[in-house]
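[1] Based on what follows, work out the 3D shape:
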Amino acid sequence: MKVTISDVAKLAGVSTATVSHTINNTRYVSEETKEKVYQAIAELGYTPDASARSFRTGKKKTIGFIVPDIANKFFATMIESVETCLAQHGYHLIIANTKEDMEREETNIRLLSAGLVDGLLIASTMEDFSRLDALIPAGFPVVLVDRTFDVKKYSSVCVSNFRPIYRSVCRLAGKGDKRIGIIGGLPRLSTTRERISAYQQAVADCGLPQDEALIRYGDSMENSARACLDELLEQNCDAVIVCQGLMASETIIYLHMKGIQLARDIDLVSFVDYDSNFYQLYANQMDCIVQPVEELGTAAGEQILKRIEDPEAPVFEKVLTSAYRPYDIPNSWAHSDR
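    Numbers count the residues shown, from 1 in each chain. Below you'll find the model as predicted:
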């Protein structure tokens, strides 16, 4: 049975009018009462009809952006780019930080799509499309950012890293590296699955050992790069590929602390999610995979505006590609010296 606004009002102990004013922000409601209403919405899984609400209230000129980690410079840079794009069209941006927690993501999607915004950009941490799809009201404008699902119901903008990962493994193998480890992100994310798939294919094509112990999964929220790196060093890795900017910078610092010198003692391929003087210091000691973060943010902003203007437009998928930047290998640095 579909949950109604009356069900929300009953659970929150308020009138249906108060629930409506809270959702649509059409009259003052105390913070205490708002919290009761939001809790009831989350508990019941209430999703208002988006098309009917838009007819009544009109556009709010506001977009919501669900991000998994606002402290991650990748998303912080993207947010700036999205905000710049939207501002040029008179729109504002609301950020909801899920901290890579699926329950928080569910609550944020429900709250934002319940009348606070005209559309949603979602960098989801969910692996189950049906779980995400069930949260989104019918007809509500949504664009997935840096995430894809097998079911192509919503428009998306993302970055493909398959080719750069594949090329980096082949280059390392060509230099003589035999045991190449990789640190990916959360296993449930589409970005992680693509990167691990590229690594595995390249390892097989280059005739390298296909050892599951060389594949580690990190979590930027838990600062797990050091633990993953220790496990790979125990496997006598010649090289490590780190598939996430925050974990890459942590890896560089940790290797330095352990007295392990890049390029001489171990090869490193690092994802670089943004321009940084920190990475420039090591540009001649490691290969870099540079993601077009600002372009991704602009594309996300443009696509959500198009969905708002024409909700019935065909689903659109825009795929950008990262740049692979290998460093120049000094002739004096031979692997036989390791």
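[2] residues contacting the residue most central in space within the chain?
    Central residue of the chain (CA atoms, centre = their mean): residue 123, 4.8 Å from the mean position. Listed by CB atoms under 8 Å, 6 or more residues apart in numbering, the contact partners of residue 123 are 65, 66, 67, 68, 75, 144, 145, 146, 147. Quick note: C-beta positions are derived from backbone N, CA and C, even for glycine.
[3] most surrounded residue in the residues you listed?
    residue 65 (30 neighbours; other CB atoms under 10 Å).
[4] Low-confidence regions, the stretch 201-338 of the chain specifically.
    220-222, 273-279, 329-338 (pLDDT under 70).
[5] how much space between the residue nearest to the residue nearest to the centre of the chain when sequence neighbours are not counted and residue 285?
    Leaving out its chain neighbours, the residue that sits closest to residue 123 by CB to CB, 6 or more residues apart in numbering is residue 145, at 4.6 Å. To residue 285, residue 145 is 32 Å away according to CB to CB, to the nearest Å.
[6] Leaving out chain neighbours, which residue sits closest to residue 34?
    That would be residue 22: by CB to CB, 6+ apart, it lies 5.3 Å from residue 34.
[7] Contacts only, for that neighbour.
    With CB under 8 Å, 6+ apart, residue 22 has these contacts: 29, 33, 34, 37, 38.
[8] since we're on the second one, how many residues are nearby?
    So that's residue 33. There are 17 residues near residue 33, going by other CB under 10 Å.
[9] which element is it on?
    Assessed by DSSP states H and E, residue 33 sits inside helix 31-44.
[10] and that helix, which residues are buried?
    33, 34, 36, 37, 38, 40, 41, 44 (16 or more other CB atoms under 10 Å).
[11] Which one of those is nearest to residue 267?
    residue 38 (49.6 Å; CB to CB).
[12] tell me the mean pLDDT over the helix or strand in which residue 104 is found?
    Under the criterion of DSSP H and E, residue 104 resides in helix 102-111. The predicted model gives helix 102-111 an average pLDDT of 91.
[13] CA atoms only: put the helix holding residue 33 into PDB for me.
    The C-alpha coordinates for helix 31-44 follow below in PDB (Å, rounded to 0.1, in the frame of the first residue of the first chain):
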ATOM      1  CA  GLU A  31      13.200  23.000  13.400                       C
ATOM      2  CA  GLU A  32      11.900  20.600  16.000                       C
ATOM      3  CA  THR A  33       8.800  19.900  14.000                       C
ATOM      4  CA  LYS A  34      10.700  19.700  10.700                       C
ATOM      5  CA  GLU A  35      12.900  17.000  12.300                       C
ATOM      6  CA  LYS A  36       9.800  15.000  13.300                       C
ATOM      7  CA  VAL A  37       8.400  15.200   9.800                       C
ATOM      8  CA  TYR A  38      11.800  14.300   8.100                       C
ATOM      9  CA  GLN A  39      12.100  11.300  10.500                       C
ATOM     10  CA  ALA A  40       8.600  10.100   9.600                       C
ATOM     11  CA  ILE A  41       9.300  10.500   5.900                       C
ATOM     12  CA  ALA A  42      12.500   8.400   6.200                       C
ATOM     13  CA  GLU A  43      10.900   5.800   8.400                       C
ATOM     14  CA  LEU A  44       7.900   5.300   6.100                       C
END
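[14] next one: phi and psi at residue 270?
    Residue 270 adopts backbone torsions of phi -120, psi 130, taken as degrees, to the nearest 10.
[15] likewise residue 2?
    Per degrees, to the nearest 10, the backbone of residue 2 is at phi -70, psi 130.
[16] swap in residue 268?
    According to degrees, to the nearest 10, residue 268 has phi -130, psi 130.
[17] now it, which residues is it bridged with?
    In this entry, residue 268 is beta-bridged to residue 240, by DSSP bridges.
[18] Enumerate every residue touching it.
    Taking CB under 8 Å, 6+ apart, one finds 239, 240, 241, 242, 251, 252, 255, 262, 285, 286, 287 in contact with residue 268.
[19] separation between it and residue 84?
    32 Å.
[20] likewise residue 199?
    34 Å.
[21] Would you double-check that residue 95 falls in a helix?
    No. Counting by DSSP: H, G, I helix; E, B strand; the rest coil, residue 95 falls outside a helix, being strand.
[22] What separation do you get for the closest residue to residue 4 other than its chain neighbours and residue 135?
    For residue 4, ignoring the flanking residues on the chain, the nearest one in space by CB to CB, 6+ apart is residue 46 at 7.8 Å. Distance, residue 46 to residue 135, using CB to CB: 11 Å.
[23] Kindly report the same for residue 307.
    For residue 307 relative to residue 135 (CB to CB), the value is 17 Å.
[24] do residue 82 as well
    21 Å.
[25] Could you check which of these two is surrounded by more residues?
    More crowded of residue 82 and residue 135, by other CB under 10 Å: residue 82, with 28 against 21.
[26] Helix or strand: which one has that one?
    helix 73-87.
[27] Packing partners of that helix?
    Contact here means 3 or more CB pairs under 8 Å, 6 or more residues apart in numbering; DSSP states H and E; on that basis helix 73-87 packs against strand 62-67, strand 92-97, helix 245-257, helix 293-309.
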